[in-house]
Structure formats: C-alpha cells, structure tokens
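1. With the input below, show me the fold.
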Amino acid sequence: MIHTLLQVTAAPEENLDIVTLIFAASPVVKGVLLLLCFMSVASWYVIGSKSMYLSRALARSSNFLDAFWKTQRLDDVWKMTEDTAPSPVSEVFRAGYVELAKLRRRRTEQGGGADSETQLGDIESIQRALERARTTAVTEMENRVPLLATTASAAPFIGLFGTVWGIMNSFRNIGAKGAANLATVAPGIAEALVATAIGLVAAIPAVMAYNYFVRRIRVVSADMETFASDFLNIVRRRFF
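-> Modelled structure (predicted):
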C-alpha cells in the first residue's frame, strides 16, 4: 500500500520534470523556447565581446591622453599613435592632425599668409574632421549594443506568448477530457511557466548589460569631446 502511494506521488514529479516538459511541449512553445535561447546566446556573445572592446578602448584612451599631455610636439604624438594600438581618442587626434597637416601644406603652396576669414574656415574644417572621427568611433562602440535593448524589451513578451499558449492548451485539455483535475492542468501550466522563466533569463542580463554599456560609451564619448575641444584650442594658439 505504501509502495503504491509512493509511486502515485512520484509520478507527477517525473512528468513535470523541466527537461521532460520542454521535449513534450507543443511545437509553438518549442519555437518560442528556441527563439529565446538564440536571443540569450546572442546577447551573451555581445556582452562578452563588447566588454573586452570597451575595456581596451578605455585603457588605451587613458594611456594616450597621459602621453599626449606629456608631449610638447604634435609630430611626436603622431609618431606615437603609429606605434601603439588605436583608441577612440587617438583616432580623433589622428583625424584632426591629418586635416591640420593638409591645411598647412595648402597654405604653404599658396604662399603662407591667410586672412581671418580663411583661418576661420580652416578651423571649422579641423572641427568637422574631429567631429566625424568622434561620430565614427561612437558608432563603432555602439555596434551590436541595440541587440541587447531588443532582447531586454522583447524577450519577456515572447515568453509571455509561450505562457498564454501553454495556458490555452491547458484549457483545451480540460475541455477535451471533461475534467479539471491537477493532472490535466499542471503540465500546461508548468510548460507556460518554463517559457516565462526563460524569457526573464534572457531579458535580465541583457537590460543590465545594456545600461552598463551605455554608461561606458558615454564616458568614452565625453573623453573624445573634451579632447577635441582641447585639441582645437591648441591648434588655434599655435597655428592660427
């Protein structure tokens, strides 16, 4: 009698095992789970690759700024950037330096002097070059980050769709069997909750990583903006 009772008690646990529920789920719910797993794997790939990229960008930019303010000549800074790994801030410097060298070469070819209007146009050209480099660097840093925002916002709703579908199947089973007992309702409800859980598992790390990366990108962007302003002031004092 006791042995039979134990078998009856253990049967539902075996039937409600998570792996069993996933393999026994309806094709729609399996598709939802597969999509959520794909989104989660893609998010973790972005998190890992973007973490390494931004860490290197911050470290290299900091090293470049330290070396820049210790060096008196822009030519020496240019040579240093050719021998070191690129960083967002150093790329802004290179863009400004290239534009400055182009303008100085053109002025030399034209005989040296330039009126105030021409000088103002030259400064604006350098400023546009700095801004283009900054925009390019920010775009590169933001690459694939929107995937995290998409996962964070869409995964809970995709999981909710799986939940609704599982509950709908539970009610269909009740109607087909004409009985509303636990054995009829439990598998569909458990299947629905698995979809919800996986949706949250995919969304929570994505939203946390997205907020973290946005803050890091803002820090690097602010460094580039500040450096561009300082570089432009140096150019005005020394060459105009």
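2. what's the neighbour count on residue 107?
-> Look at residue 107: counted by other C-beta atoms under 10 Å, it has 16 neighbours. (Glycine included, C-beta is placed from N, CA and C.)
3. Likewise for residue 46?
-> 21.
4. how about the spatially most central residue of the chain, what does it touch?
-> Nearest to the mean C-alpha position of the chain, by C-alpha atoms, centre = their mean, lies residue 145 at 2.2 Å. Residues in contact with residue 145, defined by C-beta atoms under 8 Å, 6 or more residues apart in numbering, are 46, 50, 210, 213-214, 217.
5. can you rerun that using 10 Å?
-> Residue 145 makes contact with 46-47, 50, 54, 209-210, 213-214, 217, according to C-beta atoms under 10 Å, 6 or more residues apart in numbering.
6. Repeat that for residue 234.
-> Contacts of residue 234 (C-beta under 10 Å, 6+ apart): 68, 74, 96, 100.
7. ok, then the element right after the helix or strand harbouring the third one?
-> Using DSSP states H and E, residue 96 sits in helix 88-110. Moving toward the C-terminus from helix 88-110, the first helix or strand encountered (DSSP H and E) is helix 116-141.
8. Report the distance from that following helix to the chain centre.
-> 26 Å (C-alpha atoms, centre = their mean, to the nearest Å).
9. Give the buried residues for that helix.
-> 122-123, 126-127, 129-131, 133-134, 137-138, 141 (16 or more other C-beta atoms under 10 Å).
10. Could you list the low-confidence segments of the protein?
-> Along the chain, the parts satisfying pLDDT under 70 run over 1-16, 110-118, 177-188, 240.
11. all helices of it, in order?
-> 2-15, 18-23, 27-70, 74-83, 88-110, 116-141, 145-177, 182-239 (DSSP state H).
12. If we go by neighbour counts, what in the fifth one is buried?
-> For helix 88-110, the buried set under the neighbour-count rule, 16+ other C-beta under 10 Å, comprises 88-97, 99-100, 103, 107.
13. From the buried residues of helix 116-141, pick the one nearest residue 225.
-> Of all these, residue 225 sits closest to residue 134, with 6.6 Å by C-beta to C-beta.
14. can you pull the contacts of that closest one?
-> Counted by C-beta under 10 Å, 6+ apart, residue 134 has contacts 88-89, 91-92, 95, 220-221, 223-225, 227-228.
15. Output those in CSV; the columns should cover distance to residue 191.
-> Formatted as CSV, the contacts of residue 134 follow (distance: C-beta to C-beta, whole Å):
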residue, distance to residue 191
88, 47
89, 52
91, 51
92, 53
95, 56
220, 45
221, 45
223, 50
224, 50
225, 51
227, 55
228, 55
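16. Tell me the one of these nearest residue 58?
-> Once C-beta to C-beta is applied, the member of these that ends up nearest residue 58 is residue 220, at 6.3 Å.
17. State the distance from the spatially closest residue to residue 210 that is not a sequence neighbour to residue 222.
-> Spatial nearest neighbour of residue 210, excluding adjacent residues (C-beta to C-beta, 6 or more residues apart in numbering): residue 148 at 4.0 Å. To residue 222, residue 148 is 21 Å away according to C-beta to C-beta, to the nearest Å.
18. JSON lines for the contacts of residue 145, including distance to residue 152?
-> Output for the contacts of residue 145, formatted as JSON lines (distance: C-beta to C-beta, whole Å):
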{"residue": "46", "distance to residue 152": "12"}
{"residue": "47", "distance to residue 152": "12"}
{"residue": "50", "distance to residue 152": "14"}
{"residue": "54", "distance to residue 152": "18"}
{"residue": "209", "distance to residue 152": "9"}
{"residue": "210", "distance to residue 152": "6"}
{"residue": "213", "distance to residue 152": "12"}
{"residue": "214", "distance to residue 152": "12"}
{"residue": "217", "distance to residue 152": "16"}
